[in-house]
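Student: would you be able to build a 3D model of this:
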Amino acid sequence: MSQPALALLAALLTYLVSLAAGTLLLRHCTHTLSRSEERFLGFVLGSSLLSLSVFLITAAGLARTEVFLFLACAFILLGLRKKAFRPSPVELPSLTRPQRFLFWIPYTAFTGLYLVNALAPEISADALAYHLALPLRYLREGGFPRITSDMYAGFPQGLEMLFLLAISIGGKSAAAMVHFLYLSTLPFGMLAFARRNGIPMAGIAGSLLVYLSPVVARTGTAAYVDVALAAALFGLFHLVWLHRNDLKISLVVPIGLLAGFAVAIKYTGFLAVPYALWGLLSPRRARSWAIIRTALACCVIMILPWLIKNFVVVRNPIAPFGNALFQNPYMNVASEESYALAMRTFNQVTYPEIPMEVTARGSRLLGLLGPLFLLTPVALAGLGNPVARSILFPGLLFLLLYPLNIGTRFLIPALPFLSLALGMVFARFPPAAAALVLLHAVLSWPAVVTLYAAPHAWRIESFPWRAALRLQPEAEFLRQNIDDYDLGLLLERLVPPDQTVFSPSASMQAVYHSRNILVGHNSAKGERLKFSLWTPIYPQFQPSRRYEFHLPEPSHRLRLVQTSSLNPRDDQWSVSELHALSGGVEIPPENLRLKAEPNPWDVLLAADGNLTTRWISGRSYLPGMHLELELSGGKFLEDLIVDCTGDQGHMTMALSYWSGSGDWRTAPGGPAFREISLQADLRRAATQFLKKEGVRWLVIADDGNEGKDFLSNRHAWPVIERGRANRYTVYEIP
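Tutor: Got it, this is the predicted structure:
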């Protein structure tokens, strides 16, 4: 069977399994849902149960194709036996013929475009880095490996569990097809809600505003998770609406599961939990608090497995965030803060620039909604309508987290609500709603988007039908769209499967090869290796500043204390080498007991004799940070020499010592300071450290500073060039 056919089959199985599980649960709670509501709500609810099942199988080390096929067949057979696929007899008011034409013509035209793009080989950046790369690794290793050097492995991966099931059956393209399921079913969920509430024209306008949006299309046809989160949130909203407005039904368990699934898809979905609890806490219902407890238990069932996994692997249940609260050796607080700042200030786009950037430009914030979304504030004109208020409330609630990451696709979770509310306003005059839909369809067609969007806006740009059907060789298509595709093939040939490849600066695709890639900015270990490799290249990272402390009385215990009260965001305290002296003779590091606060795990780097390594605080300056040295055996220390790098513009230090009176005292006068010249072979020292850390393979971009230094000082670097692909060179440390 061909790759496209397998991907379609895998997506169909995923849909049927989810539909069976979700429909059975919904029918256990209520028999008042219509056919269209059951299909949408059953799918999104059932996918939460399927995701949890795949997680448990993977955690048990049973992530294999035959196991997943057995799981899928069991769910489908159960659904057939319990008649889950039999349509509900309940029907919603039908659309008129003009309304059906208005919905189906744009929907059909764009669905063909989307399907082809979803079936084409995956080329999206985040999918290549982790959304698809991680499930592929789980499948190769049969379970969850212990990944401590990739921050993205800490994100909850509720949807990636469905990717894992699908790719085990249908290959890599099946992951995007699973996400496409949520994209293609979301409009029907929105339309079903609108029909139930007697506002079909608003449902048509709102659903197509979302479905035809360029950024929604691009995201929903890739192995990403944002559209799935939007579908889960809208499904949750629909269930909450039914629960609050029909006292005869109780949807507590589905609401709790779907709220928890939203968090399991993406951390930004966590507001689904308070929204669900608010929806359940109704003064018109008895036993509201018992209902809350039940819903919370269901939320926990969906969220807790990911928290436990993170705690076991990296000691931090909410990794890669919260490292100040859950201190660990795998991720620095400063790195987390820098990442969060970069997301809040993406490409230095200011708040006044955001409206045009996210609607019509689309380059700096990676995607555009479409120019007509500039009309979104008009939705507030519907606040007088109780249905509109109920729609706008979750939309504005889920919009609250947008400032944490101002990329355009982080608006997608709130988009169904804002679009539906906007559609309600325009639906007061049906010709205006129809004009809105048709104009949006024209402005969202790829050839038209090119006329007004920025040149590099992230969007669907073509109709790659030959690539989708594999009439164009997959390798040819991938070479045209991924600049490090050939690099992956080169690594596959050169690097043994059990060895690690280090890339100091650039993220790399990890889908079209199976080698373990360690990136310089994704973990504390990656940063240690990156700064070691950078030390010979950048003078500011070289330990050329020497501070000499003299004690007024000998002591066996010293404490080097950071005293700066400044707190620059990107500056951290670091110490490259400590030299403790007694009688003018340096004490061997192995005779010293070293401690540090914070980052006690790297303290030995401050006394390892390698000038390219350093202990680093891992967070911005705080008074009281310290390194502690203790000398046993009846000997005493008299002097301390501290070598530091030149990139610390705000550092001030003091030396405390344990006095004969049994208390800490500060050495008077401060340190003597001087610049020193380094005579060591820093390039050799850096490669020795990498090798000590288990890295023997390097990928260096030739057009970066590292690449230029490797090429211009090729005889100074003790490495062997093993191959080149495009602008990358692969080196081995012998």
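Student: what are the boundaries of the helices in the stretch 401-550 of the chain?
Tutor: 415-426, 430-444, 446-452, 465-468, 474-481, 485-494, 524-534 (DSSP state H, counting those that start in this stretch).
Student: OK, contacts around Gly256?
Tutor: Ala276, Thr294, Ala295, Leu296, Ala297, Cys298, Cys299, Ile301 (Cβ atoms under 8 Å, 6 or more residues apart in numbering). Where C-beta positions appear, they are placed from N, C-alpha and C, glycine not excepted.
Student: residues contacting Leu6?
Tutor: Per Cβ under 8 Å, 6+ apart, neighbours of Leu6: Ile169, Gly170, Gly171, Ala174.
Student: highest neighbour count among the contacts of Gly256?
Tutor: Compared across the contacts of Gly256, Ala276 has the highest neighbour count, 28 neighbours, by other Cβ atoms under 10 Å.
Student: what helix or strand is it located in?
Tutor: Per DSSP states H and E, Ala276 falls inside helix 272-280.
Student: that helix: what's the following helix or strand?
Tutor: Next element after helix 272-280 (DSSP H and E): helix 288-314.
Student: most neighbours per residue, which of the helices of the stretch 401-550 of the chain?
Tutor: helix 415-426 (a mean of 28; mean count of other Cβ atoms under 10 Å).
Student: tell me the helices and strands packed up against it.
Tutor: Counting contacts by 3 or more Cβ pairs under 8 Å, 6 or more residues apart in numbering; DSSP states H and E, helix 415-426 packs against helix 173-196, helix 200-211, helix 226-245, helix 386-399, helix 430-444.
Student: would you mind putting the CA coordinates of that helix into PDB?
Tutor: Extracted as PDB, the C-alpha positions of helix 415-426 are listed here (Å, rounded to 0.1, in the frame of the first residue of the first chain):
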ATOM      1  CA  LEU A 415     -10.400  32.000  17.400                       C
ATOM      2  CA  PRO A 416     -13.500  29.800  17.200                       C
ATOM      3  CA  PHE A 417     -15.200  31.900  19.900                       C
ATOM      4  CA  LEU A 418     -14.200  35.300  18.600                       C
ATOM      5  CA  SER A 419     -15.200  34.200  15.000                       C
ATOM      6  CA  LEU A 420     -18.600  32.900  16.100                       C
ATOM      7  CA  ALA A 421     -19.300  36.000  18.100                       C
ATOM      8  CA  LEU A 422     -18.300  38.100  15.100                       C
ATOM      9  CA  GLY A 423     -20.500  36.000  12.900                       C
ATOM     10  CA  MET A 424     -23.500  36.600  15.200                       C
ATOM     11  CA  VAL A 425     -23.200  40.400  14.600                       C
ATOM     12  CA  PHE A 426     -23.000  40.100  10.800                       C
END
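Student: name the residues that touch it?
Tutor: 186, 190, 193-194, 199, 201-207, 209-210, 213, 216, 230, 233-234, 237, 369, 375-376, 378-379, 381-382, 385, 387-388, 391-392, 394-396, 398-399, 432-433, 436.
Student: from those, list just the buried residues.
Tutor: Neighbour counting with 16 or more other Cβ atoms under 10 Å marks 186, 190, 193-194, 199, 201-207, 209-210, 213, 216, 230, 233-234, 237, 369, 376, 379, 382, 385, 387-388, 391-392, 394-395, 398-399, 433, 436 as buried within the contacts of helix 415-426.
Student: tell me, which strand in the chain spans the most residues?
Tutor: strand 545-555 (DSSP state E).
Student: can you give me the buried ones in stretch 630-641?
Tutor: So for stretch 630-641, counting by 16+ other Cβ under 10 Å, buried means Glu630, Leu631, Leu637, Glu638, Asp639, Leu640, Ile641.
Student: cool, and stretch 174-190?
Tutor: For stretch 174-190, by 16+ other Cβ under 10 Å, it's 174-190.
Student: any low-confidence regions in the stretch 501-650 of the chain?
Tutor: Counting by pLDDT under 70, the ranges of the stretch 501-650 of the chain that qualify are 567-570.
Student: chain center to the longest strand of the chain, what's the gap?
Tutor: Here strand 545-555 shows a centroid-to-chain-centroid distance of 46 Å under the convention Cα atoms, centre = their mean, to the nearest Å.
Student: the helix or strand following it pairs with which strands, parallel or anti?
Tutor: Toward the C-terminus, strand 545-555 is succeeded by strand 557-562 as the next helix or strand (DSSP H and E). The strands beside strand 557-562 in its sheet (DSSP bridges) come out as strand 626-631 (antiparallel), strand 653-658 (antiparallel).
Student: how far off centre is strand 557-562?
Tutor: Using Cα atoms, centre = their mean, the distance between the centre of strand 557-562 and that of its chain works out at 39 Å.
Student: alpha carbons of the next helix or strand after it, in PDB - could you do that?
Tutor: Where DSSP H and E defines the elements, the next helix or strand beyond strand 557-562 is strand 572-575. In PDB, the C-alpha atoms belonging to strand 572-575 read as follows (Å, rounded to 0.1, in the frame of the first residue of the first chain):
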ATOM      1  CA  GLN A 572      24.800  35.300  35.100                       C
ATOM      2  CA  TRP A 573      27.500  34.800  37.600                       C
ATOM      3  CA  SER A 574      30.200  32.300  36.600                       C
ATOM      4  CA  VAL A 575      33.500  31.100  37.800                       C
END
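Student: strand 572-575: partners in the sheet, and parallel or antiparallel?
Tutor: Applying DSSP bridges, you get strand 615-620 (antiparallel) as the partners of strand 572-575.
Student: tell me what angle the strand it pairs with forms with helix 524-534.
Tutor: 120 degrees (axes from the mean of the first three to the mean of the last three Cα atoms, to 10 degrees).
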